[in-house]
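J.: Would you be able to build a 3D model of this:
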Amino acid sequence: MFSTPGTVAHCLDTYQARCDREGITSEAIPSILKHLAAQLGTLALTDVTTQHVEEMISAMQTQDYKPATIQSHIAYLGAAMRYARKRGELVSLPHFPTLKFDNARQGFFEPAELDAICAYLPAPYADVARLGYSTGWRLSEILTLHWSQVDRQAKTITLRRTKNGHGRALPLVGDRLDIIERRWRERAHGDQLSEWVFHAKGRRVDRSYFWHFWKIAREKAGLPTKLFHDLRRTAARDMIAAGCDYQTAMQVTGHKTMSMFLRYQIIDLRGMRKGLEAMDSHRNGNGQHLHDAA
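T.: So this is what the prediction gives:
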């Protein structure tokens, strides 16, 4: 997209290019940046003030945008401008207001819902979704998987550096191993072997194509509101429900902090039940403590 250097629109274009280059994926990014460009794009980047941001907020509130949507616009504008500062295009940043709202989402997948969507996805795209469901990994982590990161003999995948700044390893067991072995058998394109675990005609699956097929598949499956990120929430929820401790679950999904993990509002009913039973036993004079109930 053409934009004049030194403007907010050019700053947003540069940030979008960075997201594409580094595999930062979200269904919302392109539309949010486009809307920001429509609101503030003609402004000189160095002229942007907190008042401009507040006026944008007021305009969006008048148009009945949800608080979470408005906050996303503020966050991405801030991210784009911070990137411009790193590039030496800005000396200082304005203050970005923060809206107060309950941002915890409740979207989860049931197995039948995943199957319904995967039924309408081409093979490599369906396996992307299935690996997301079985690991809770971010889309960018899955799409950028290279065969050099997969040790089929040791049955492990190693992510060297992820969004949270840390690498981690995943044992290949169950469905995860089945998916990787299936992709291994399908790595050929003509007389060439793709270096990418998830490829289409030998080239790494592009996020824009994935979103295209994902949106079509969820519409055909009658599940138009399902998000890929719901797979991440589901994996976290199901590991806790199965009795996995929080630290181990976070090692699998790649959450760096407990606060981010708990934003999913995952309820550990098993642990709560043990705690309540131990409390009742203590009150009844049986002398049973929490570690005994476990």
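
J.: rest of the way, CA atoms for contacts and neighbours
T.: Noted.

J.: So for residue 259, what pLDDT did the model give?
T.: Looking at residue 259, its pLDDT is 70.

J.: Show me which parts of the helix or strand harbouring it are buried, residue by residue.
T.: Secondary structure assignment for residue 259, by DSSP states H and E: helix 258-262. By 16 or more other CA atoms under 10 Å, the buried positions in helix 258-262 come out as residue 261.

J.: Check what contacts it and list those residues.
T.: Applying CA atoms under 8 Å, 6 or more residues apart in numbering, the external contacts of helix 258-262 come out as 250, 255.

J.: ok now that helix, how far from the chain's centre?
T.: 14 Å (CA atoms, centre = their mean, to the nearest Å).

J.: Tell me which other helices or strands the helix or strand just after that helix touches.
T.: Remark: after helix 258-262, the chain's next helix or strand is helix 269-283, criterion DSSP H and E. Contact here means 3 or more CA pairs under 8 Å, 6 or more residues apart in numbering; DSSP states H and E; on that basis helix 269-283 packs against helix 290-293.

J.: Quick one: mean pLDDT over the helix it packs on.
T.: pLDDT averaged over helix 290-293 gives 48.

J.: Pull the contacting residues for residue 136.
T.: With CA under 8 Å, 6+ apart, residue 136 has these contacts: 231-236, 252-253.

J.: now with 6 Å?
T.: 232, 235, 253 (CA atoms under 6 Å, 6 or more residues apart in numbering).

J.: Quick check: the gap between it and residue 97.
T.: Between residue 136 and residue 97 the distance is 31 Å, computed by CA to CA, to the nearest Å.

J.: Ok, residue 116 next?
T.: Distance from residue 116 to residue 97, by CA to CA: 41 Å.

J.: And residue 54, by the same measure?
T.: 7 Å.

J.: Please apply the same query to residue 273.
T.: 41 Å.

J.: Contacts made by stretch 6-14 with the rest, please.
T.: Residues outside stretch 6-14 that contact it (CA under 6 Å, 6+ apart): 3-4, 37, 41, 43-45, 80.

J.: which ones among these are found in helices?
T.: With DSSP state H as the criterion, helices contain 37, 80 from among the contacts of stretch 6-14.

J.: just the contacts of stretch 6-14 now: which is nearest residue 112?
T.: residue 80 (38.9 Å; CA to CA).

J.: residue contacts, that closest one?
T.: 12, 15.

J.: how near is it to residue 273?
T.: Residue 80 is 46 Å from residue 273, by CA to CA.
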